[in-house]
Every structure is written in structure tokens, then in C-alpha cells.
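Enquirer: Have a look at this prediction, sequence included:
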Amino acid sequence: MKPNTAHHTNSKPKRNRLRKAVASVLLLNMLCFSLVPALALAEGEQSNNSAESSNSQSTTTQTEAVQIPTAESLDLQVKSAILMEPVSGQVLLNIEGDTPFPPASMTKMMTEYIVADLVKQGKFSWDDVVTVGENASKTIGSRIFLAEGDQHTIKELYIAMAVGSANDATVALAEYVAGSEQAFVKMMNDEAKRMGMTTTHFANSTGLDIADMPEKFRTPGNQETVMSAMDVAILAKYIVTDHPDFADFTAIPSHKFRERDKEPIINYNWMLEANKDVTNFKQFAYEGLDGLKTGHTKNAGYNFTGTAERNSMRLISVVMGTSSEKARFVETRKVLDFGFNNFETKQIVAPKASVAEMESVTVKKAKNTSIPVVSDEAVSFVIPKGADISTVEAAVQLDSETFTAPLQQGSKVGTVTYSFKPDGMDQTLTKTVNLITTEEATKAGWFTLMMRAIGEFFSDLFNGIKNLF
């Protein structure tokens, strides 16, 4: 009897098909398990899907912080006072600082700022010659007795204004720059708004009461010049930061305006460090003080905006409504001593610092999808001396949930906000800086991108199968 060869022949193709099926499944599994890790490595994941993270900056614990005296303990005899650090804008002392009062000649700080800014922009030159008009020649108060038709350079008049608080020189500059004092006053008020001076109104360029202006040129209405101590400090901050050469004028102790003048103009700022050897003023001279402006009228009392720098920290003080010419300097010393004795500028975060929990971002379609990021600048706060800075916190906000190559080195990908509440201070200090890439994210080639796409396909397929069980 012959064997059943037909049955044996038919079963062989079936076994071959089974082997192929098993091999296909094994191959599929191999592809899935080999490409999924490659995909994860290639594409990566943002370390924080919500694009926000918060962490504490760990630093070495400082020595015991000084105890900040209360404002009341200073026994300030003023209507208002402000102490500000101009780089950060931090306010270290505030006594009725938002209440507007007549600033008197501290008004001239705005005139100084505008003129210096226009010279800096190249619209005018310090050597431009100004012809004195009727308004300036008839202006009273502190003055250098300009006559109508006199000619002086912008620089000569500017020094007379900054050193001797000369009202006539101030008006001459205002009219030269804007065509009329009233047009210049509009410029002053516009600048005040730009700077964020919320309580300020300027009626003229000098700070004189309207009634004391030459009748023909008086400002219409009865809205006098007013500024709060806070606004004065803000203006001073703009002066010292935008025009760091301000002391070339404000620190001049005396100046002879004309060769024929018998006596030089004496700077009304008795606290200048340059006065430390001047018999009449050495009791008021203050280390590091190089500006800014005094002011006095009957309605204003005696005012003074001072600025001094010690140990690379500059402070701005404003006192308004003191009782005498000497008192404004006595009270200013109290305010500045409060600042320099109790506070210091401390670098909290170095430039190009990485942020914990956000040391890199994922950049799709890049050769290297994990790109390191750092802060773009240093962060410093003015804090009580010896304060413990270990509790500084950092919060990251990314600009997008995803980033795609190419990206240049230094590209902004988000921000990091550092916050710190020192012991002894009511306010929480904050500063926001940019988060930038430290290297270029170049775009990957087509083959790499294709393999990633295949990886994504099998990854999705694998996850779909896995979710069935």
C-alpha cells in the first residue's frame, strides 16, 4: 500500500507559513523594543510638562543678619523721606513717600535730565550757544544775573543750574531746547509719565511758585509744581542710571561762571565729599556723596535729594519739608546712614547659572534634542547685612511647550523669576531674567528624522497593544 504522499506534501507549506508568522511577530517585537528607547533618547521629554518649576537656591548660610532699626527710631524731622537703591529700584525706607509736596528747585533735576539726554542723543551739543531771552533775564530767585541777549554755551548754563541752582540759566536752557518754557514744561510732564512718576505735575522748569515767575510768562491756572518723595527718587534713579557722568556737574564744589565775577558760584549741596576740607561745610561732608539737588521755597521748606556710593552700592535719599538749610543735610545723613549701616548689595545668582529641575529643554528635530539652558544675567538684591540667602526660590516659565530646531545659541526659551523675603524686611524681593540656550540646536538629517518617525509609529503601536491588556 502506498504512503499518503499527498497529505505529507500539503502539510509542509502550512508549517512554512506558521514559521513566517512567528518570525514576523518576533521581528515586530524586536523593532518595538529597540526603537522605543531610541525614540525616547532622540526626542526626550520636557522635565516639566506644565512649563513651570519651582526650586530653592541652596547657598552657604550667612552670618547672623543685622537687626534693621525701625523708621521711628530714626526720629526724622521731615514731611516725607525715601531711600532707594537705583539699580534694582528697591525702596529701603518710605515715610509718607507717596504724598506730593512742592519740590522747589529739585524740579530742576528734570530739566537737567532732559537737556543731558538731548545732548546724549546728538540733538544738541554742550558747545551750542544759547542767547538769553526776556523770560530768563527777568527770572528771580537763585540766579547768575543773565541779561537779555547774553550768550553762553549749553554747558556753561548747565553748570550754573546744577551747581548754583540758577533759575535764569534753567529758563534759558528750557527756551533754547523747546522754543518756550511752556513747551518745555510739556516735555517735562511727558517724561514724568514715561518714568512712572504718578503724583508729579510740573508748572515750570525751575520749581518757583507760579506767582514768582515773570508776569508775562506765567503758567496759566493755579496748578503748582508738586512731586512726592517717591517720584523725586524715581527721577534721580533715571539720572544716575541713564547719565552716569552726572557727577561731572553735580559734584563741582564751586565754579566761576564769568571771568569778571568776583566770587564763584558755591554749590548748595554742602554734603559733597569734596567739602571734607572746607571749613564751613566739613561737618556736613559725607563719604561718597556726589549729588544731586537742593530745593527751597517758603511753601516747600528745605528739601534735598542726595546720592552717595560706598562699597559699590549707590543709594538715593530724598527728604522734603525740613525746617532749615542745615536740617535737610542732618536728616539726609540719618537716612543714608540707615542704608549704608544696615544693607548691602548681594549677588544671589551668578550669570549663566543653571536652574535646578530645568537644566535643559527638549528641541524636536534637532541632532541633540536635549539643549542646556541657563539664566542670561546675574541677580542681585539689596538685603540686610549678613542675611541668610539659602531660601531664595526660582520659578521657571517656558515660552512654549515645544521647541523645534534650528535654534541659535543664546535663544530665549523662557524666564526664571527669583524671589526672596529677607528677615527684617516686609517686602518680597523679585527679579525676572531670561532663560537662554547655551548651545546651538542644529536640525537633524532626513535619515535620522525618518528613523525617529518609524520609532514614533512603533512606539504608538506598542502602546496601543499594551493598553489592550
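Expert: That came through fine.
Enquirer: So what does residue 173 look like in phi/psi?
Expert: phi -70, psi -40 (degrees, to the nearest 10).
Enquirer: Contact partners for it?
Expert: If you count contacts by C-beta atoms under 8 Å, 6 or more residues apart in numbering, residue 173 has them with 111, 115, 130, 154, 157, 158, 161, 205. (C-beta placed from N, C-alpha, C; glycine too.)
Enquirer: For it, give me the pLDDT.
Expert: Note on residue 173: pLDDT of 98.
Enquirer: swap in residue 335?
Expert: Residue 335 carries a pLDDT value of 98.
Enquirer: what's the nearest residue to it if we skip its chain neighbours?
Expert: Of all residues not flanking residue 335 in the chain, residue 317 sits nearest, at 4.3 Å (C-beta to C-beta, 6 or more residues apart in numbering).
Enquirer: any chance you could read off phi and psi for the nearest residue to residue 378 once chain neighbours are set aside?
Expert: Using C-beta to C-beta, 6+ apart and skipping the chain neighbours, the partner closest in space to residue 378 is residue 351 (4.4 Å). The phi/psi pair for residue 351 (degrees, to the nearest 10) reads phi -70, psi 150.
Enquirer: give me every residue that touches residue 351.
Expert: Listed by C-beta under 8 Å, 6+ apart, the contact set of residue 351 reads 375, 376, 377, 378.
Enquirer: Make sure residue 442 is actually in contact with residue 367.
Expert: Yes - Residue 442 is within contact range of residue 367, at 5.3 Å (criterion: C-beta atoms under 8 Å).
Enquirer: State the number of residues packed around residue 190.
Expert: The local packing of residue 190 (other C-beta atoms under 10 Å) involves 12 other residues.
Enquirer: Would you mind measuring from residue 377 to residue 415?
Expert: According to C-beta to C-beta, to the nearest Å, residue 377 stands 12 Å off from residue 415.
Enquirer: Which neighbours do the two have in common?
Expert: Contacts common to residue 377 and residue 415, judged by C-beta under 8 Å, 6+ apart, are 433, 434.
Enquirer: got the buried residues for stretch 292-299?
Expert: 292, 293, 294, 295, 296, 297 (16 or more other C-beta atoms under 10 Å).
Enquirer: Which of the helices or strands spans the first one?
Expert: With secondary structure defined by DSSP states H and E, residue 292 is part of strand 289-297.
Enquirer: do the same with residue 344
Expert: Going by DSSP H and E, residue 344 is in strand 343-349.
Enquirer: Can you report how many residues neighbour residue 344?
Expert: 19.
Enquirer: ok, it - contacts?
Expert: 311, 313, 382, 383, 384, 385.
Enquirer: Now do it, the pLDDT please.
Expert: For residue 344, the predicted pLDDT is 94.
Enquirer: Show me what it is bridged to.
Expert: Following DSSP bridges, residue 344 is listed with bridge partners residue 383.
Enquirer: now swap in the one 5 residues further on and tell me
Expert: Beta bridges link residue 349 to residue 379, judged by DSSP bridges.
Enquirer: Tell me who's in contact with it.
Expert: 57, 375, 378, 379, 392, 394, 418.
Enquirer: Among those residues, name the buried ones.
Expert: Among the contacts of residue 349, those classed as buried by 16+ other C-beta under 10 Å are 57, 375, 379, 392, 394, 418.
Enquirer: out of those, which are inside strands?
Expert: Using DSSP state E, 375, 379, 394, 418 are the members of these that sit in strands.
Enquirer: Dump stretch 105-114 to CSV, keeping only the CA atoms.
Expert: What follows is stretch 105-114, C-alpha atoms only, in CSV (Å, rounded to 0.1, in the frame of the first residue of the first chain):
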residue,chain,number,x,y,z
SER,A,105,14.4,123.6,42.9
MET,A,106,14.5,119.8,42.9
THR,A,107,12.3,120.4,39.9
LYS,A,108,15.5,121.3,38.0
MET,A,109,16.5,117.6,38.1
MET,A,110,14.0,117.0,35.3
THR,A,111,15.4,120.0,33.3
GLU,A,112,18.9,118.5,33.9
TYR,A,113,17.8,115.1,32.7
ILE,A,114,16.1,116.3,29.5
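Enquirer: for the contacts of residue 351, which one is nearest residue 263?
Expert: Proximity of those to residue 263 (C-beta to C-beta) peaks at residue 378, which lies at 48.2 Å.
Enquirer: Spatially, which two of the buried ones among the contacts of residue 349 are the most separated?
Expert: 375 and 392 (12.5 Å).
Enquirer: Nearest residue to residue 74 in space, please, no chain neighbours.
Expert: Residue 74 sits nearest to residue 334 (C-beta to C-beta, 6+ apart), 5.2 Å away.
Enquirer: What angle do strand 289-297 and the helix or strand harbouring that neighbour make with each other?
Expert: Residue 334 is located in helix 325-342, with elements delineated by DSSP H and E. Put simply, helix 325-342 runs at 140 degrees to strand 289-297, going by axes from the mean of the first three to the mean of the last three C-alpha atoms, to 10 degrees.
Enquirer: All further residue positions should be reported with the first residue as 457.
Expert: Understood, numbering begins at 457; the last thing we discussed is helix 781-798.
Enquirer: Where in the chain is the helix or strand with the lowest mean pLDDT?
Expert: Least confident helix or strand of the chain, by mean pLDDT, DSSP states H and E, is strand 508-512 with a mean of 42.
Enquirer: Strands of the stretch 657-806 of the chain, residue ranges please.
Expert: For the stretch 657-806 of the chain, the strands defined by DSSP state E, counting those that start in this stretch cover 683-684, 710-711, 721-722, 745-753, 757-766, 769-778, 799-805.
Enquirer: okay, these in JSON lines with distance to residue 546 next?
Expert: What follows is the strands of the stretch 657-806 of the chain, written out as JSON lines (distance: least, C-beta to C-beta, whole Å):
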{"stretch": "strand 683-684", "distance to residue 546": "17"}
{"stretch": "strand 710-711", "distance to residue 546": "34"}
{"stretch": "strand 721-722", "distance to residue 546": "34"}
{"stretch": "strand 745-753", "distance to residue 546": "18"}
{"stretch": "strand 757-766", "distance to residue 546": "15"}
{"stretch": "strand 769-778", "distance to residue 546": "10"}
{"stretch": "strand 799-805", "distance to residue 546": "9"}
